[in-house]
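[1] Fold the following and give me the result.
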Amino acid sequence: MAKVLPFVITLTGPSQSGKSLVLQKINTLVYVLNEKGYAFSPQLVKKKTTREYRVEELTALDRGEEIDVEHVETMPKECDLVYQSYGLRYGLNTEHVANLLKEGKTPYVVINDIRAVEELKEVFPNRVLSIFLFRKIPDITDFKKEAMLRGNVTEVEVYARYEKAVAIYRMYIENIALFDKVILNAVEYHEEELHDPAKNILDKQLLNVIQGVLDGKIRLRRNSAALHSQIPKTFILAGNAASGKDELIRAVKDMGKLQATIIPKYTVRRQEEADEEEMICRIVPEQQLLQRLDKAYLVDRANVLRELERVSEEIRCRFRKYWEEMKRKILLEIPDGKSRFWRLVENAKNEVEASSYFEKNADYFDLFKIRDEGIKLKTEGDGAILSELDGKRYVIYHAKGNKDKLYGCIVNHTQNHGGKYRVLVASQYGVFNLFKHELGIENVAVIYVHSQVSESEFASNIRDKVVAEKQEKFNEYLNDYVENIVYYDHVVIYATAHLSNEQSIKEEELIDQLFRLFRVY
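    Residues are numbered from 1 along each chain as shown. Here you go, the predicted model:
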């Protein structure tokens with residue numbers, strides 16, 4: 001077991017993210033970690049604050065419970081780390097924190113201020129674990145419901161708490177690289193599950209993160225400058241089918257051409273409608289059939305245009321604005337060659353007929369040959385392999401429960417990528433580890449892409465034939481994140497609860513987080 005110096009834990013998150021619950025749970029983890037042989041002695045650091053106690057805090061004090069703040073009329077001089085939020089001041093004494101560290105304790109404190117977190121990281125270099133707590137995007141309806149349950153919150157206070165929660169969420173987006181780990185409090189629990197560490201993901205994430213630091217698997221950074229490496233970083237994106245990975249890949253291809261390139265991924269399976277060009281499948285649509293369908297589309301489009309031109313010029317000029325909009329919509333309704341192809345596949349009478357529309361891909365390389373005949377340089381527990389064949393190195397891995405459903409990509413740090421970042425979509429921790437083994441830990445960043453889209457929302461919006469398989473795996477990726485959180489470097493949040501083909505501010509926020517990481521690295 002690695003010897004790790006005592007460290008500080010900072011907790012940041014908007015209202016309703018679960019900070020109070022996490023404060024309770026940190027203490028309950030003492031017994032679990034001590035039984036495992038870890039020396040873990042957490043100590044809550046109370047912030048001094050000029051705000052009055054909240055009703056729930058007074059209630060907790062009456063019950064003899066500990067809270068994380070102490071009300072003062074003026075900030076004491078010994079508080080050398082002071083920040084202000086909505087006209088109220090909060091402060092703590094870093095000498096007190098230092099003394100707790102000397103005693104071998106783990107001080108933990110709630111801090112919803114970026115500057116304060118940064119200054120703590122400077123005062124205690126490489127000894128601050130900064131955690132951001134995320135449950136869901138702030139919703140004014142939720143804050144109103146909470147106020148009704150409390151019964152003592154004014155409408156002005158409700159909106160103030162909501163606006164502050166939005167500001168803290170934005171603070172995460174704009175400072176994503178500052179946080180060492182993100183705890184996703186993303187599941188609703190029954191009361192008995194909430195207090196059972198074996199049954200909820202909140203306890204598991206906290207345990208795995210703290211244990212990861214104590215093991216030395218999670219290296220604490222002094223600041224964002226510690227993220228820089230000598231060669232372009234490889235970013236690996238992981239997440240479920242509705243997490244926002246596709247939106248990020250499209251953004252990199254459309255808007256990030258000067259910054260990043262997509263790593264092609266090979267697979268033994270047949271191409272699916274949702275596959276982008278970076279997915280190189282063994283079986284692809286027959287090219288001659290696609291060409292015929294493209295020609296049919298052009299013919300149909302020309303015929304429609306010819307019919308539209310029959311409308312008198314007077315009418316077209318008189319209603320030009322409406323005419324052009326109607327014309328655009330009509331042309332968009334004409335299915336192009338690719339749409340016609342996938343309609344043929346969807347309407348095929350059986351699998352034999354559907355297969356007749358495909359052919360072998362000349363650009364595909366044989367993953368089975370690489371797996372079976374290549375030199376195995378390293379293997380991981382989840383079936384991922386680093387293999388070498390004909391002078392090239394590959395990472396080969398398989399889908400869960402199906403060892404013959406292979407995926408793979410070339411991994412070689414000597415490749416020339418023009419100084420650009422590289423982006424790969426892969427969700428197995430074995431792939432993360434093999435890339436880090438081959439390229440160096442400091443040259444690979446693993447990102448979990450998290451969205452609020454529910455399993456039922458996802459299922460209702462997917463119409464392809466593999467929906468059952470995708471739905472079955474929908475929650476697996478969150479569970480993988482929980483169990484293997486030590487391997488993830490960042491979380492980008494797609495704060496949408498509904499699937500839509502339209503561009504939205506939530507998609508822009510998602511993209512902004514990835515591009516901010518590009519700039520930091």
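
[2] Need the residue closest to the centroid of the chain.
    Most central in the chain under C-alpha atoms, centre = their mean is residue 449, positioned 2.0 Å from the mean C-alpha point.

[3] Got the phi and psi for the residue nearest to residue 354 when sequence neighbours are not counted?
    Spatial nearest neighbour of residue 354, excluding adjacent residues (C-beta to C-beta, 6 or more residues apart in numbering): residue 348 at 3.8 Å. Any C-beta I mention is one placed from the backbone N, CA and C, and that applies to glycine too. Main-chain torsions, residue 348, degrees, to the nearest 10: phi -60, psi 140.

[4] from what I can see residue 348 touches residue 357, true?
    Yes: at 7.4 Å, residue 348 counts as touching residue 357 under the criterion of C-beta atoms under 8 Å.

[5] tell me the contacts of the residue nearest to the centre of the chain?
    Listed by C-beta atoms under 8 Å, 6 or more residues apart in numbering, the contact partners of residue 449 are 237, 238, 239, 243, 244, 245, 248, 491, 492, 494, 510.

[6] got it, and residue 493?
    Residue 493 makes contacts with 134, 172, 173, 450, 451, 509, 510, 513, as judged by C-beta under 8 Å, 6+ apart.

[7] So what's the predicted local confidence for it?
    Per-residue pLDDT puts residue 493 at 90.

[8] Equivalent analysis for the one 3 residues further on, please.
    With respect to pLDDT, residue 496 scores 66.

[9] do residue 55 as well
    Residue 55 is assigned 80 on the pLDDT scale.

[10] now swap in residue 109 and tell me
    According to the prediction, residue 109 has pLDDT 95.

[11] Same question for the one 4 residues further on.
    With respect to pLDDT, residue 113 has a value of 90.

[12] I figured it was touching residue 85, is that so?
    Yes: counting by C-beta under 8 Å, residue 85 is a contact partner of residue 113 at 6.4 Å.

[13] which one of the contacts of residue 493 sits closest to residue 126?
    residue 172 (21.8 Å; C-beta to C-beta).

[14] Now for the closest one, how many residues are close by?
    Residue 172 has 22 neighbouring residues, counting by other C-beta atoms under 10 Å.

[15] ok, now how distant is it from residue 375?
    From residue 172 across to residue 375, the span is 44 Å (C-beta to C-beta, to the nearest Å).

[16] wait, doesn't residue 370 sit right on residue 389?
    Yes: using C-beta under 8 Å, residue 370 and residue 389 qualify as a contacting pair, with a distance of 5.1 Å.

[17] More neighbours: which of these two?
    Neighbours per residue, other C-beta under 10 Å: of residue 370 and residue 389, the larger number sits with residue 370, 23 against 16.

[18] ok, and for the helix or strand that contains that one, which residues are buried?
    For residue 370, the element it lies in under DSSP states H and E is helix 367-373. Residues 367, 370, 371 are the ones in helix 367-373 that count as buried (16 or more other C-beta atoms under 10 Å).

[19] Which of the contacts of residue 493 fall in strands?
    Among the contacts of residue 493, the members found in strands (DSSP state E) are 134, 450, 451.

[20] just these now: which is nearest residue 293?
    Set against residue 293, the nearest of the ones in strands among the contacts of residue 493 by C-beta to C-beta is residue 451 (33.5 Å).

[21] what sits against the closest one?
    For residue 451, the contact set (C-beta under 8 Å, 6+ apart) comprises 239, 240, 242, 243, 244, 493, 494, 495, 496.

[22] Can you tell me how far residue 8 is from residue 131?
    11 Å.

[23] Please read the previous query as pertaining to residue 393.
    In this view, residue 393 and residue 131 are 36 Å apart by C-beta to C-beta.

[24] likewise residue 408?
    Residue 408 is 35 Å from residue 131, by C-beta to C-beta.

[25] Neighbour count: those two, which is higher?
    Under the criterion of other C-beta under 10 Å, the comparison of residue 408 against residue 131 puts residue 408 first, with 26 against 21.

[26] my read is the more buried one is in a helix, agree?
    No: applying DSSP: H, G, I helix; E, B strand; the rest coil, one finds residue 408 to be strand, outside a helix.

[27] Counting neighbours, what do you get for the closest residue to it other than its chain neighbours?
    Nearest residue to residue 408, sequence neighbours excluded (C-beta to C-beta, 6+ apart): residue 396, at 4.3 Å. By other C-beta under 10 Å, 24 other residues sit near residue 396.

[28] And the one 5 residues further on, by the same measure?
    Applying the criterion other C-beta under 10 Å, we find 8 residues in the vicinity of residue 401.

[29] if I look at it, how far off is residue 285?
    Per C-beta to C-beta, residue 401 is found 27 Å from residue 285.

[30] Quick check, residue 235 in contact with residue 425.
    No: assessed by C-beta under 8 Å, residue 235 is found out of contact with residue 425, at 9.8 Å.
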